[in-house]
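Undergrad: no sequence on this one, just coordinates:
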């Protein structure tokens, strides 16, 4: 059995993109803008990328956060859909870019990677649908609680009883996620801090006790969903 056959799909992607040069993006740097034609398929080797929509008045709506191992943008890769979103480095990122045709040919030889990438897309879609439901049905406080629970589950690093959220989060980001004014988001975040549901240390938010946050989130869901 060859080494390639024993590699995980994620490792197979790493090996393929490893033959292409690395490009570093500092935090906040634009990687791809709306309606901009991608130069190829981006592979996120390290860091996090924020995908969002922006109106003419600069109001933003976060769509997804990509983690290491992501290939972007897949809709453009598979069906040449024009890019409608902005992609910025949420943290310092390292990206490798492969020509679209070369990566497509590679996927043809490795159909298991298509399934792997599809699973990642569906997981992201599931999170997006959940947040859409929250935006429509929940009040600002409930949405903020659920958002930090999502952050803890998706980007949390356990440190004893605490869970550190391993992405930078600002009040503006929270406002974008929950679809409200920044001032409203700031009030909700401070409310959660005063209640001890979240904390802030060394430029990162953390969850003091995930069980308490989960219980609070469930109580709010029961209240509004019945």
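TA: Ah, there it is. All values reported here derive from a predicted model rather than from experimental measurement.

Undergrad: Does the residue minimising distance to the centre of the chain belong to a helix, a strand or coil?
TA: Taking CA atoms, centre = their mean, the centroid of the chain lies closest to residue 65, which sits 1.5 Å from it. Assigned by DSSP: H, G, I helix; E, B strand; the rest coil, the conformation of residue 65 is strand.

Undergrad: Next one: it relative to residue 88, how far apart?
TA: According to CB to CB, to the nearest Å, residue 65 stands 11 Å off from residue 88. Heads up, the C-betas are built off the backbone N, CA and C, glycines and all.

Undergrad: again, but for residue 45
TA: The value you get for residue 45 to residue 88, if CB to CB is used, is 17 Å.

Undergrad: And residue 14, by the same measure?
TA: Taking CB to CB, one finds residue 14 at 23 Å from residue 88.

Undergrad: Now do the same for residue 69: helix, strand or coil?
TA: Looking at residue 69 with three-state DSSP, the answer is coil.

Undergrad: Just list the residues touching it, thanks.
TA: For residue 69, the contact set (CB atoms under 8 Å, 6 or more residues apart in numbering) comprises 10, 13, 14, 43, 44, 120.

Undergrad: For those, pick the one with the most neighbours.
TA: For the contacts of residue 69, the largest number of neighbours (other CB atoms under 10 Å) sits with residue 13, at 25 neighbours.

Undergrad: pLDDT at it, what is it?
TA: For residue 13, the pLDDT comes out at 94.

Undergrad: Isn't it up against residue 71?
TA: Yes: counting by CB atoms under 8 Å, residue 13 touches residue 71, with 6.8 Å between them.

Undergrad: tell me which strands and helices the longest helix along the chain is in contact with?
TA: Longest helix in the chain by number of residues (criterion: DSSP state H): helix 111-137. In terms of contacts (3 or more CB pairs under 8 Å, 6 or more residues apart in numbering; DSSP states H and E), helix 111-137 is packed against helix 9-17, strand 60-66, helix 100-109, helix 140-155, helix 171-178.

Undergrad: I appreciate the help and will end here.
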